[in-house]
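A.B. asks: here you go, sequence then predicted model.
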Amino acid sequence: MAALLEVDRLTMRFGGVTALSGVGLAVREGELVGLIGPNGAGKSTLFDCLTRRCTPQEGSMRLDGEDLAGLPAHQVAHRGVARTFQNTGLFPGLSVRENVMAGAHRHGRAGFWSAALGRAAAEERRLRGVADELLDRFGLAAYADHPAAGVPYGMAKRIEIARALAARPRLLLLDEPAGGLAPGEVPAFADLIGRIHRERGIAIIVVEHHMEFVLALCGRIVCFERGRKIADGPAAAVRHDPAVVAACLGVVS
Amino acid sequence: MSAPWAGPGAGGPAAGHRRLAVGEVAGDRRRAWPWRRTGLAVLAALALALPFALPPYRLFQATLVLVYAVALLGLDLVVGHSGQISLSHGAFFGVGAYTAAVMIAKLGLPYPLTLPAAALVTYGLGLAAGLPALRLRGLYLAMVTFAVAVVVPPLLKRFPAVTGGAMGLPVPTPRAPFLDDDQWLYLLVLAVTVVAFAGVRNLTGSRAGRALTAIRENPAAAEVLGMRPATHMTSAFAWSAMYAGAAGALYTWTVGFVSPDSFTLSLSVTLLAGAVIGGLATLAGPLLGALVVMAVPAVAQELSPAAPGIVSGLLIVLVVQAAPTGLAGLLRRAAWSLAGRRA
């Protein structure tokens, strides 16, 4: 099966700091990959490169054969890439439902003129339906009309995932989705992500420090350390790889 | 259907999470006002009764309040919904007013034509001035709009044959086919105001309006979702200018006289103050702000000629400090506590 995402020899330097150094990664359609590594390993930088928030100096990133490096950030979304942010990137001035509806932005058409003339009502109902279904799925329906400002961290994480899913991506990049969850909540949450992955058949790369979460969820694990890929393979093999254990597992028995 | 993701704190209120009172923070989309329908009905009845209850001068003032409300509605698209600063809306207002004045007084065209013409001219102007928004934001955009505000009044004085120069231009006001002239004019302006409010209401409750707020609050996340900040910002600016221009045409109908000194930077600042004091990114804000724009100079002028500026400034400081949601937010909270519950 051909790879959906092909990253090849990607290098990203910020001034004198090399965040990514010749990283290669291939993700197949519908694959779920766990990306682990200590802080500063370049995990979020990879996401930033893929979503065109920064431009790598060397290497290529291809989605379905098309080079992402040549696209402006808003076009990447239209190619079917969605992401969440490590420190959550919600819109606090919108309600929880509107945040999710904003995720479905690329599936609407209404501009200023048609909206002001009242021609966007049907589209609005459709986007609202998409959002409400996802809110229900994530147990957020009770908060639909609540402002997104001031929601607890764990809930913000869930809203953000719902928002990313509203974009109906082919490739979903989750940056520490389990952050802010109580330890008891982690297995159920991993289960939910796993079910969504199976149902929708989307490719997911999930960055997470929470090893329990990654091991429960991902069949394949990639490990970065200081901008380099040090391991890539089946979860069972990677978790016992001495280099990986030394770099980031350490305390996990 | 029970929540399939049933971890602790999933369905019910999450631990440590306080439901905020309606109107406490911006972006609250729970049912905004208690007695909403009743309130709107009372407002509508009041608006329709005014021309038959008020003496002519008061009615003239009420008409001007509606004119300013339309301008503030537009300004709020930039300041409230997009979170940018514009100092050029007094100038757009003036260009709209002059477009109407020249069309009526110099070209002898019927006044109803002047409204779409003023809107069109200022839309184009707004698009041109807003194009820097493709590259500029925040302070830099504010500087561009400042330049527009400074350039327009002298430009208006520059061509006395067309604009009447520094002396200004008297314009015949609309004649009523029935009713008194001032009553007719009020109802006309009221109709335009209602359409203007409906337009912004539709806009802000749509994909485009949501994108504006999203871009204001987190441009990076908005872009990742496929929104184009520059395009939306420019459209918002053009629309905003168009509203100000349309309000300017209404101003000419109402006042029957335009002079370059009416549309200086100080008008822009007054409008900005009105938008902030009324309450940003709400529908009630522009109406309440228009009352302030109308009332503050009238009241403060009695103290000293310099007082209106000082009073406006103090009011801004007070509102920003004590009630960031403006008069609209205060009113909303008062209404909710009267209604006896926090939603």
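C.D. replies: Received it, and whenever you're ready, just let me know what you need.
A.B. asks: please count neighbours and contacts with C-alpha atoms only from this point.
C.D. replies: Fine.
A.B. asks: then stretch A:185-194 to CSV, C-alphas only?
C.D. replies: Output for stretch A:185-194, consisting of C-alpha atoms alone and laid out as CSV, is shown next (Å, rounded to 0.1, in the frame of the first residue of the first chain):
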residue,chain,number,x,y,z
GLU,A,185,-9.6,8.7,32.5
VAL,A,186,-6.7,7.6,30.2
PRO,A,187,-7.8,4.1,29.2
ALA,A,188,-11.3,5.2,28.3
PHE,A,189,-9.9,8.1,26.3
ALA,A,190,-7.5,5.9,24.4
ASP,A,191,-10.4,3.6,23.7
LEU,A,192,-12.4,6.5,22.2
ILE,A,193,-9.6,7.6,20.0
GLY,A,194,-9.1,4.1,18.9
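A.B. asks: pLDDT averaged over it - what is it?
C.D. replies: With pLDDT averaged residue by residue, stretch A:185-194 scores 90.
A.B. asks: mind listing what's buried in it?
C.D. replies: A:185, A:186, A:188, A:189, A:190, A:192, A:193, A:194 (16 or more other CA atoms under 10 Å in any protein chain shown).
A.B. asks: can you tell me the element the residue in the stretch 51-200 of chain B that chain A sits nearest to falls in?
C.D. replies: When you check the stretch 51-200 of chain B against chain A by CA to the nearest CA, the closest residue turns out to be residue B:199, at 4.4 Å. Remark: residue B:199 resides in helix B:181-204, with elements defined by DSSP states H and E.
A.B. asks: try residue B:47
C.D. replies: With secondary structure defined by DSSP H and E, residue B:47 is part of helix B:36-53.
A.B. asks: just how off-centre is that helix within its chain?
C.D. replies: Taking CA atoms, centre = their mean, to the nearest Å, the mean C-alpha location of helix B:36-53 is offset from the chain mean by 20 Å.
A.B. asks: just checking, what packs against the very next helix or strand once past that helix?
C.D. replies: Sequence-wise, the next helix or strand downstream of helix B:36-53 (DSSP H and E) is helix B:56-76. For helix B:56-76, the helices and strands in contact under the criterion 3 or more CA pairs under 8 Å, 6 or more residues apart in numbering or on different chains; DSSP states H and E are helix B:89-101, helix B:181-204, helix B:229-255, helix B:265-278, helix B:284-300.
A.B. asks: picking up where we left off before, what angle do helix B:181-204 and the helix or strand following the helix holding residue B:199 make with each other?
C.D. replies: Stepping forward along the backbone from helix B:181-204, the first helix or strand reached (DSSP H and E) is helix B:207-217. Regarding helix B:207-217 and helix B:181-204, their directions subtend 70 degrees when assessed with axes from the mean of the first three to the mean of the last three CA atoms, to 10 degrees.
A.B. asks: which strands and helices lie in contact with helix B:207-217?
C.D. replies: Contacts defined by 3+ CA pairs under 8 Å, 6+ apart place helix B:207-217 against helix A:96-103, helix A:112-116, helix B:219-224, helix B:229-255.
A.B. asks: doesn't residue B:224 make contact with residue A:73?
C.D. replies: Yes - because the distance of 6.1 Å satisfies CA atoms under 8 Å, residue A:73 is recorded as touching residue B:224.
A.B. asks: can you list residues touching both of the two?
C.D. replies: Common contacts of residue A:73 and residue B:224 (CA atoms under 8 Å, 6 or more residues apart in numbering or on different chains): residue A:51.
A.B. asks: how about the residues of the stretch 151-253 of chain A by chain B?
C.D. replies: A:151, A:152, A:164, A:167, A:184, A:185, A:188, A:189, A:192 (CA under 8 Å from any CA of the partner chain).
A.B. asks: ok so, going back, please identify the buried residues of the helix holding residue B:47?
C.D. replies: Applying 16+ other CA under 10 Å to helix B:36-53 flags B:50, B:51 as buried.
A.B. asks: which secondary structure elements does it sit against?
C.D. replies: Applying 3+ CA pairs under 8 Å, 6+ apart, one finds that helix B:36-53 contacts helix B:181-204.
A.B. asks: now stretch B:274-284: how far from the chain's centre is it?
C.D. replies: A distance of 8 Å separates the C-alpha centroid of stretch B:274-284 from that of its chain, computed with CA atoms, centre = their mean.
A.B. asks: mind listing what's buried in it?
C.D. replies: In terms of neighbour count (16+ other CA under 10 Å), stretch B:274-284 has its buried residues at B:274, B:275, B:276, B:277, B:278, B:279, B:280, B:281, B:282, B:283, B:284.
A.B. asks: my guess is the fourth one contacts residue B:319, does it?
C.D. replies: When you say that, I think you mean residue B:277. Yes - with contacts defined as CA under 8 Å, residue B:277 counts as touching residue B:319 at a distance of 6.1 Å.
A.B. asks: list the contacts of residue 82.
C.D. replies: With no chain named, the answer covers chain A. With contacts defined as CA under 8 Å, 6+ apart, the neighbours of residue A:82 are A:51, A:164, A:165, A:167, A:169, A:171, A:172, A:173, B:224, B:225.
A.B. asks: try chain B instead
C.D. replies: Residue B:82 makes contacts with B:212, B:213, B:215, B:216, B:233, B:236, as judged by CA under 8 Å, 6+ apart.
A.B. asks: in TSV, list those along with distance to residue A:56 and pLDDT.
C.D. replies: Below are the contacts of residue B:82 laid out as TSV (distance: CA to CA, whole Å; pLDDT from 0 to 100):
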residue	distance to residue A:56	pLDDT
B:212	29	93
B:213	30	92
B:215	25	93
B:216	27	91
B:233	28	91
B:236	33	94
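A.B. asks: among these, which one sits closest to residue B:141?
C.D. replies: Proximity of the contacts of residue B:82 to residue B:141 (CA to CA) peaks at residue B:233, which lies at 10.9 Å.
A.B. asks: which ones are touching residue A:191?
C.D. replies: Listed by CA under 8 Å, 6+ apart, the contact set of residue A:191 reads A:216, A:217.
A.B. asks: A helix includes it, no?
C.D. replies: Yes - under DSSP: H, G, I helix; E, B strand; the rest coil, residue A:191 falls within a helix.
A.B. asks: so for residue 214, what's the pLDDT?
C.D. replies: No chain in the question, so chain A it is. At residue A:214, the predicted lDDT confidence score is 92.
A.B. asks: wait, chain B was what I had in mind.
C.D. replies: Per-residue confidence at residue B:214 stands at 94 (pLDDT).
A.B. asks: cool, the one 5 residues further on as well?
C.D. replies: The predicted local confidence for residue B:219 comes out at a pLDDT of 91.
A.B. asks: same check on residue B:324?
C.D. replies: Predicted confidence (pLDDT) at residue B:324: the value is 83.
A.B. asks: is it part of a helix or strand, or is it coil?
C.D. replies: Reducing the assignment at residue B:324 to three states with three-state DSSP gives coil.
A.B. asks: that one and chain A, how far apart?
C.D. replies: Distance, residue B:324 to chain A, by CA to the nearest CA, to the nearest Å: 13 Å.
A.B. asks: do residue B:308 as well
C.D. replies: The separation that residue B:308 has from chain A, given CA to the nearest CA, amounts to 32 Å.
A.B. asks: so the residue nearest to residue B:139 when sequence neighbours are not counted, which of the three states?
C.D. replies: Taking CA to CA, 6 or more residues apart in numbering or on different chains, and ignoring the residues beside it in sequence, residue B:139 has residue B:85 as its nearest neighbour in space, at 7.6 Å. Applying three-state DSSP to residue B:85 yields a three-state assignment of coil.
A.B. asks: do residue A:38 as well
C.D. replies: Look at residue A:38: counting by three-state DSSP, its state is coil.
A.B. asks: my guess is it contacts residue A:248, does it?
C.D. replies: Yes - shown here, residue A:38 and residue A:248 form a contact pair, counting by CA under 8 Å, at 5.5 Å.
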